[in-house]
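Novice: the sequence and its predicted three-dimensional model are supplied below.
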Amino acid sequence: MGAPIDQARDRALLSELAEPAAALFERHLGATKQWYPFEDVPWAHATEFSRDEWDEGAYPLSDGVRSALLVNLLTEDNLPYYTNALLKWAPKDHPLRDWSGRWTAEEWRHSAAMRDWILATKALNPWELEDARMVQMTTGIVPEAPTIAETIAYVSLQELATQVAHRNTGQALDRTLRGKKIMSQIAGDEGLHHAFYRDLAAAAIERDPSYMVVAIYRQLRGFRMPGTGIPSFAAHERIIAEAGIFDASQYLHQVVLPTLAAWRLDELEGLTDEAQRARVKISRTVSALARIARATEPSPV
Ligand SMILES: [Fe+2]
Ligand SMILES: [Fe+2]
């Protein structure tokens with residue numbers, strides 16, 4: 001799978017995706033709902049900070065939920081780099097540019113809502129949060145795929161993974177201070193983003209199936225969540241998984257399998273030898289993920 005990148009083929013695919021991208025953007029505008037990130041922040045609960053004031057008792061939460069809030073927010077904070085990665089594939093006259101503008105605007109309200117809520121509730125230590133944001137955004141590490149084909153394969157998985165992580169984080173919060181509601185609004189946006197990219201990828205599969213199957217395999221085999229530049233990311237990932245907010249089993253059953261099912265790769269005919277090999281390797285990757293998921297699932301009592 002180490003074949004050189006076929007730039008001409010990738011450009012041709014990008015141009016063939018103009019029509020479905022425009023249609024999917026229209027569909028998104030019809031489905032999305034305007035919401036205001038400040039409305040559910042419990043402002044009356046907020047008090048000023050002083051260095052010795054914050055303590056864990058200000059808003060008691062488990063380590064897993066705190067790690068999830070930190071990782072989810074810092075991931076959203078890195079938005080300028082995601083926009084940059086997407087705009088690279090969106091020439092001025094391409095509908096993907098219109099989409100990326102809207103998508104950027106929607107993504108920003110996620111960090112706005114989460115940060116305001118976290119500061120008002122004192123759910124996280126704000127100095128640690130800000131220090132970590134400075135490190136992550138200064139480094140600007142984000143997963144970047146080498147082609148449009150791999151980019152849309154990656155973001156299809158990533159948006160759904162983010163939806164699951166936000167939704168489960170919200171489930172762990174209480175209703176009174178409306179954290180549950182904010183996280184569920186954000187998860188709703190992520191679900192629509194996933195639908196856009198998943199169906200754009202499906203349109204790409206229709207147009208160039210062999211090229212897309214290889215691209216999907218390349219992204220699936222090394223998938224990482226976008227927060228890899230967050231300080232102590234691996235430790236946070238472990239704590240979040242142990243808390244049942246986002247673990248290997250959820251990644252397999254709620255992200256990978258539904259996305260692959262929507263693409264119906266098994267039904268594709270006339271694939272090149274390389275693409276057929278990639279399709280087999282996709283199945284093997286899924287089996288490997290299933291073994292990891294089983295190994296990390298808590299044993300029944
Ligand atoms: Fe987001
Ligand atoms: Fe998103």
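Specialist: Received it, and whenever you're ready, just let me know what you need. Numbers count the residues shown, from 1 in each chain. Ligands and ions are numbered 1, 2, ... in the order given.

Novice: got the contact list for residue 229?
Specialist: If a contact means C-beta atoms under 8 Å, 6 or more residues apart in numbering, then residue 229 has 78, 135, 136, 139, 140, 141, 142 as its contacts. Every C-beta, even on glycine, is put in place using the N, C-alpha and C of the backbone.

Novice: residues from this protein in reach of ligand 1?
Specialist: 76, 107, 110 (C-beta under 5 Å from the ion).

Novice: residue 224 and residue 234, how far apart?
Specialist: 10 Å (C-beta to C-beta, to the nearest Å).

Novice: which two in the contacts of residue 229 are spaced the farthest apart?
Specialist: When the contacts of residue 229 are compared pair by pair using C-beta to C-beta, the two farthest from each other are 135 and 142, 14.1 Å apart.

Novice: still on that earlier bit, out of the residues of the chain next to ligand 1, which sit inside helices?
Specialist: Of the positions in these, 76, 107, 110 sit in helices, assigned by DSSP state H.

Novice: for the closest residue to ligand 2 within the stretch 151-300 of the chain, which three-state class applies?
Specialist: When distances are taken as C-beta to the ion, the stretch 151-300 of the chain reaches nearest to ligand 2 at residue 193, 3.7 Å away. Here residue 193 takes the helix state, with states given by DSSP: H, G, I helix; E, B strand; the rest coil.

Novice: wait, it sits on residue 159?
Specialist: Yes - between residue 193 and residue 159 a contact is recorded at 4.2 Å, counting by C-beta atoms under 8 Å.

Novice: next up, the contacts around residue 168.
Specialist: So, once contact is read as C-beta under 8 Å, 6+ apart, residue 168 ends up touching 68, 244, 245, 246, 250.

Novice: and whichever strand or helix holds it, how far out from the chain middle?
Specialist: Secondary structure assigned from DSSP states H and E places residue 168 in helix 148-171. Here helix 148-171 shows a centroid-to-chain-centroid distance of 3 Å under the convention C-alpha atoms, centre = their mean, to the nearest Å.

Novice: any stretches of this protein with poor pLDDT?
Specialist: Flagging of the chain using pLDDT under 70 yields the residue ranges 1-4, 52, 298-301.

Novice: okay, residue 224 and residue 234: which has more neighbours?
Specialist: More neighbours surround residue 224 than the other of residue 224 and residue 234, with 12 against 9 (other C-beta atoms under 10 Å).

Novice: isn't that one right next to residue 143, touching?
Specialist: Yes - contact criterion C-beta under 8 Å: residue 224 and residue 143 qualify, at 6.0 Å.

Novice: just to revisit the earlier point, residue 135 and residue 142 - which one has more neighbours?
Specialist: residue 142 (18 against 13).

Novice: measure the residue nearest to the more buried one when sequence neighbours are not counted to residue 143 for me?
Specialist: In this structure, residue 142 finds its nearest non-sequential neighbour in residue 81, 4.4 Å apart by C-beta to C-beta, 6 or more residues apart in numbering. Distance, residue 81 to residue 143, using C-beta to C-beta: 10 Å.
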